[in-house]
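>>> give me the fold of what follows.
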Amino acid sequence: MKLLRHLAGYLPVKLASAIASFGGVYVFTRLLDADEYGRYALMVSAMALIHTLSLTPAEAAAYRFAGKAGAQGRLPDHFRTAVSLTLRSLIVTVVLLVALGAALGRLSDYLAILPWIAVLMPINTTLQMTLEAHKASQQVRRYALVETTRLFGGFILGALIAWKSGMGAASPFIGMVVIGAILIAPQGAWLAGQIKGGQTSQSQRRAYLAYGVPIAAALVLDLILSAADRLLIALFLGEAAVGEYAAGYGVADKTVLLLCAWTAMAGSPLVMAAYERAGKDAARDEARGLITTMLLIGIPAATGLALVAQPLAEAMIGEDVRDGAMAIIPWIAFAGLLNGLLIHYFSEAFQLAHKTAERAVLMLVPAGVNVVLNLILIPQFGLMGAVAATVISYALGIVVLGLRGQRHVALPLPLLEVLKVSLAALAMWPVIAILPDWGSWPELFVKAACGGMTYAIMAFLLDAGGARGFVLEKLKSRAGRAA
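Okay, the predicted model is just below:
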């Protein structure tokens, strides 16, 4: 099964991403105090917003049109157009960075981080463009090597810098700059080779922008869903509360979202290829495997995180931000699942049909609701108010995009599989509940292992996501080869 081969191929990337995400929370919540960690989280959100506004259109086009250009033998023209568009987009990046610097005014702790972000952004967009091209052309090994090195190397270097230099909240950004500078030479040379002999034109750039700008707009609204609450938490509750919130997000939302992204990374190119090759029906058939796999992985991950929130927080999160993070982890885990389904599945119908502008308009609904709910709930309920606003907004986004997307590509949502996977995941609850509370790592490992085994057994018995049929088929195939 091609999807499973791609899942295996992209596994190193997601392991590196998990290490960077979990390790970042574990290390930086200990090396940075609560206020520093809050500043780091806020500047990550600011960088993501600027990157999405200015550079994502070119990156999205580099991914979407690479397959078609390759089939037509026009890859040099494609890459020349994408690079030309990126160079123009960097002008917008500079303007936005200057505006951010002006907005920060005399906040010296934040201004100390800004130069590193300014250096990092052109490096990151060059690397990201090459990665999108590798993914679109299904060059799994090349993608995995580069992205794994970037994620793992950036985390290690950032941690060392935070430990030894006393650079505070700037340390993670410095680590990313250093590893990016190392990777930019080989990847830049690869990109230069790809554009050799290519031609571009204003009409091509306009076509790429027409596709990429609506995607960027929709992603900005996604960021509002996931990051606007941090700005409002800082306003109402302070930087330390942002640190607590970001730490909870780092071990809950990011974990489930990484698993959804891993599944999509392997399955989305197959859905796109099926759509380009044979149309909507073929894409729908391919998407059934994608959503089934995403549910089979995502639902038990969110449930498991919710059930081990206390030992997880004790093991992973520094004391300065632990209590607030522990309280939100169960809810944020399911918010991460909703976010993953929203971004990596229900948005796919609009990207396949080139209706990205419509998706951007639709995302105004959950984004607006999120801001309004945060303004109402954070002053009343603190961090839990922000969590409630997030969960409600993601659920609303799924409903809006899911219903409207059916007009373009009727992506399936197998409700019977949702029920079976959910029942298998809920079976973990009584098993984990009766285990002793040893605290921290011992409790986390034992409960995770027992919960995982329980889920696997129940998924097999219920044939959730076709698990039993898959296992029996593999056993039969192996027995046949042995004979």
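>>> when you work out contacts or count neighbours from here on, use the C-alpha atoms and nothing else.
Noted.
>>> neighbours of residue 186, how many?
12 (other C-alpha atoms under 10 Å).
>>> check contacts around it.
By C-alpha atoms under 8 Å, 6 or more residues apart in numbering, residue 186 lies in contact with nothing.
>>> now it: how far from residue 471?
41 Å (C-alpha to C-alpha, to the nearest Å).
>>> go on, residue 403?
34 Å.
>>> contacts for the helix or strand harbouring residue 63, please.
Here residue 63 sits within helix 56-64, counting by DSSP states H and E. Helix 56-64 has contacts (C-alpha under 8 Å, 6+ apart) with 78-79, 82-83, 85-86, 89, 125, 128-129, 132-133, 135-136, 208-209, 211-216.
>>> what number of residues lie near the nearest residue to residue 303 once chain neighbours are set aside?
Using C-alpha to C-alpha, 6 or more residues apart in numbering and skipping the chain neighbours, the partner closest in space to residue 303 is residue 425 (6.5 Å). Using other C-alpha under 10 Å, residue 425 is surrounded by 24 other residues.
>>> again, but for the one 3 residues further on
The number of residues packed near residue 428 is 24, by other C-alpha under 10 Å.
>>> confidence score at residue 3?
At residue 3, the pLDDT value in this model is 58.
>>> please renumber the chain so that the first residue is 57 from this point on.
Will do, 57 is the new start, and the previous item becomes residue 59.
>>> now, of the contacts of helix 112-120, which are buried?
134-135, 138-139, 141-142, 145, 181, 184-185, 188-189, 191-192, 264-265, 267-272 (16 or more other C-alpha atoms under 10 Å).
>>> how far away is the residue nearest to residue 359 from residue 487?
11 Å.
>>> now residue 353
19 Å.
>>> lowest average confidence, helix or strand, in this protein?
Ranked by mean pLDDT, DSSP states H and E, the weakest helix or strand in the chain is helix 523-538, scoring a mean of 68.
>>> would you map the helices across the stretch 107-256 of the chain?
112-120, 122-127, 131-160, 164-167, 170-192, 196-220, 227-251 (DSSP state H, counting those that start in this stretch).
>>> for the shortest one, name the packing helices and strands.
The helices and strands touching helix 164-167, judged by 3 or more C-alpha pairs under 8 Å, 6 or more residues apart in numbering; DSSP states H and E, are helix 131-160.
>>> show me how far the helix it packs on is from its chain's centre.
Distance, stretch centre to chain centre, for helix 131-160: 22 Å (C-alpha atoms, centre = their mean, to the nearest Å).
>>> that helix to helix 170-192, inter-axis angle?
150 degrees (axes from the mean of the first three to the mean of the last three C-alpha atoms, to 10 degrees).
>>> how about helix 131-160: buried residues?
Result for helix 131-160 [16+ other C-alpha under 10 Å]: buried residues 131-139, 141-142, 145-146, 148-150, 152-153, 156-157.
>>> could you check how far the residue nearest to residue 231 when sequence neighbours are not counted is from residue 103?
Excluding the flanking residues, the one nearest residue 231 by C-alpha to C-alpha, 6+ apart is residue 214, at 3.9 Å. Distance, residue 214 to residue 103, by C-alpha to C-alpha: 17 Å.
>>> same drill for the two, tell me which one is more crowded.
In this view residue 214 and residue 103 are compared by other C-alpha under 10 Å, and residue 214 has more residues nearby, 26 against 20.
>>> I figured that one hits residue 224, correct?
No. Contact criterion C-alpha atoms under 8 Å: residue 214 and residue 224 do not qualify, at 10.2 Å.
>>> show me what contacts the nearest residue to residue 373 once chain neighbours are set aside?
Excluding its sequence neighbours, the residue lying closest to residue 373 (C-alpha to C-alpha, 6+ apart) is residue 82, at 5.3 Å. Going by C-alpha under 8 Å, 6+ apart, residue 82 touches 372, 373, 374.
>>> verify the contact between residue 356 and residue 511 for me.
Yes. Shown here, residue 356 and residue 511 form a contact pair, counting by C-alpha under 8 Å, at 7.3 Å.
>>> mutual contacts of these two, please.
Counting by C-alpha under 8 Å, 6+ apart, the residues touching both residue 356 and residue 511 are 480, 481.
>>> give me the below-cutoff pLDDT ranges for the chain.
Within the chain, the stretches with pLDDT under 70 are 57-67, 69-70, 123, 126-127, 191-194, 530-539.
>>> which parts of the lengthiest helix in the chain are buried?
The longest helix of the chain (DSSP state H) is helix 258-292. With burial defined by 16+ other C-alpha under 10 Å, the residues of helix 258-292 counted as buried are 260-261, 264-290.
>>> please name every helix or strand in contact with the helix or strand following that helix.
Sequence-wise, the next helix or strand downstream of helix 258-292 (DSSP H and E) is helix 295-307. Here helix 295-307 touches helix 58-87, helix 90-110, helix 258-292, helix 375-397, going by 3+ C-alpha pairs under 8 Å, 6+ apart.
>>> contact partners of helix 295-307?
In contact with helix 295-307 (C-alpha under 8 Å, 6+ apart) are residues 77-78, 81, 85, 90-95, 97-98, 286, 289-290, 372-373, 377-382, 384-385, 388, 439.
>>> how far does the helix or strand following it sit from the chain's center?
For helix 295-307, the succeeding helix or strand toward the C-terminus, using DSSP H and E, is helix 309-334. Helix 309-334 sits 11 Å away from the centroid of its parent chain (C-alpha atoms, centre = their mean).
>>> alright, calling it a day.
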